[in-house]
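**Q** Quick check, what structure comes out for this input:
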Amino acid sequence: MTVTTMHITQIGPGCYNLIAPLKNALGKLLKMKTHMSFVQLSTGKFIALSTVELDAASKAEVDALTQNGELLEAVIGTNPFHGLAFEGFYKMYPNAKYYGTPRHIRNIKSVPWAGSIADDSIRTSWMPELDLQITQGAEFINIPSESYNHFAGVVAFHVESKTLICDDCFSYEDNPGALKRLAGISAKSLNFHPSLYGPALRQSPTAVQEFYDWMLQIMQEWDFDQMATAHGGVMKGGCKEALRAALDKAKPSLEGLAKSRGGKLVWT
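**A** Got it, this is the predicted structure:
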């Protein structure tokens, strides 16, 4: 097995992040990365959020962190389109409970899913230590335009470390590659997934308002100061202010989107 550099980093008390190469055609073309996170509960057990392909070195680190998987209580699929590594991860750690999005459960039959993360009773299982919320205003079960629309997913907040964990809804770009820079994405920036302005939100008059109000809600209710995102890296400090600024910047486009669908965006 080829060993690549993938190390678990502790980004806060009880919160660990592992960044790895994205091993699909787009990821190789753009030299993109993806991630998974481990949050430790007061019981000492870990919840894994998403999965990545592990090489020998990174597996050794996961083993050391979780006592060879014995402390791994659950593995959660947080984004419907981050699923390439679940089969391999399950073979390595078969004793954890696996919870997928509806799309994971439909498409990955080799994993014995314990339930759907779309179920409210499952998402609230680890509160108040870990809060899991689904992107509002967007379709999460029967997602349109699958080849492009990877917007909706589960956004997590780990209370102890004050860390917000997100895949594709929004992303922090620490050092974007040349193609991303050509697309207008600058270093140290926070951006929404481009499908937000296309097929991501439902075609209803209220969908844009639902999304906007949800964003305000999580910024008000969650006391986060850092952020781990799938394709850009970890942002430490000032995250809530950066997310609010990104939402403010998106307001004119969101207002136009709401109007095109027969609705109106009421700013707060």
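
**Q** Please make it C-alpha for all contacts and neighbour counts, starting now.
**A** OK.

**Q** Do a quick rundown of the helices in the stretch 151-268 of the chain.
**A** Assigned helices in the stretch 151-268 of the chain, in chain order: 178-182, 207-221, 239-260 (criterion: DSSP state H, counting those that start in this stretch).

**Q** elements contacting the last one?
**A** When contacts are defined as 3 or more C-alpha pairs under 8 Å, 6 or more residues apart in numbering; DSSP states H and E, helix 239-260 sits against strand 189-192, helix 207-221, strand 226-229.

**Q** Make TSV out of those and add mean neighbour count.
**A** Compiled in TSV, the helices and strands packed on helix 239-260 are given as follows (neighbours: other C-alpha atoms under 10 Å):
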stretch	mean neighbour count
strand 189-192	20
helix 207-221	17
strand 226-229	24
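
**Q** Of the helices of the stretch 151-268 of the chain, which is nearest Pro102?
**A** The minimum distance between Pro102 and the helices of the stretch 151-268 of the chain falls on helix 207-221, with 20.4 Å, by C-alpha to C-alpha.

**Q** send the alpha carbons of that closest one over as CSV?
**A** Below are the C-alpha coordinates for helix 207-221, written out as CSV (Å, rounded to 0.1, in the frame of the first residue of the first chain):
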residue,chain,number,x,y,z
ALA,A,207,-37.0,27.8,0.7
VAL,A,208,-34.5,30.7,0.6
GLN,A,209,-35.9,32.2,3.8
GLU,A,210,-35.8,28.8,5.5
PHE,A,211,-32.1,28.5,4.7
TYR,A,212,-31.3,32.1,5.7
ASP,A,213,-33.2,31.8,9.0
TRP,A,214,-31.5,28.5,9.7
MET,A,215,-28.1,30.1,9.2
LEU,A,216,-28.9,32.8,11.6
GLN,A,217,-30.2,30.3,14.1
ILE,A,218,-27.0,28.2,14.2
MET,A,219,-24.9,31.3,14.5
GLN,A,220,-27.0,32.4,17.5
GLU,A,221,-27.4,29.1,19.2
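
**Q** And the average pLDDT for it is what?
**A** The pLDDT scores in helix 207-221 average 96.

**Q** Contacts for that helix next, please.
**A** Contact partners of helix 207-221, identified using C-alpha atoms under 8 Å, 6 or more residues apart in numbering, comprise 135-138, 201, 240, 244, 254-255, 257-258, 264-266.

**Q** how far away is Phe211 from Phe157?
**A** Remark: distance between Phe211 and Phe157 (C-alpha to C-alpha, to the nearest Å) = 18 Å.

**Q** next one: Ala207
**A** From Ala207 over to Phe157 the distance is 23 Å, taken as C-alpha to C-alpha.

**Q** hang on, the earlier thing: please tabulate the helices of the stretch 151-268 of the chain in TSV, including the columns distance to Tyr197.
**A** TSV is the format used below for the helices of the stretch 151-268 of the chain (distance: least, C-alpha to C-alpha, whole Å):
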stretch	distance to Tyr197
helix 178-182	17
helix 207-221	10
helix 239-260	7
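
**Q** Figure out which of these is closest to Leu49.
**A** Leu49 lies closest to helix 207-221 among these, at 18.5 Å (C-alpha to C-alpha).

**Q** The closest one to helix 239-260, inter-axis angle?
**A** 160 degrees (axes from the mean of the first three to the mean of the last three C-alpha atoms, to 10 degrees).

**Q** pull the helix or strand with minimum mean pLDDT from this structure.
**A** Among the helical and strand segments of the chain, the one scoring lowest on mean pLDDT, DSSP states H and E is helix 25-30, with a mean of 44.

**Q** Next secondary structure after that one?
**A** For helix 25-30, the following helix or strand on the C-terminal side (DSSP states H and E) is strand 33-40.

**Q** Got the confidence number for the residue lying closest to Glu129 once chain neighbours are set aside?
**A** Of all residues not flanking Glu129 in the chain, Val159 sits nearest, at 5.5 Å (C-alpha to C-alpha, 6 or more residues apart in numbering). pLDDT for Val159: 98.

**Q** His150 now?
**A** Looking at His150 specifically, the model assigns a pLDDT of 73.
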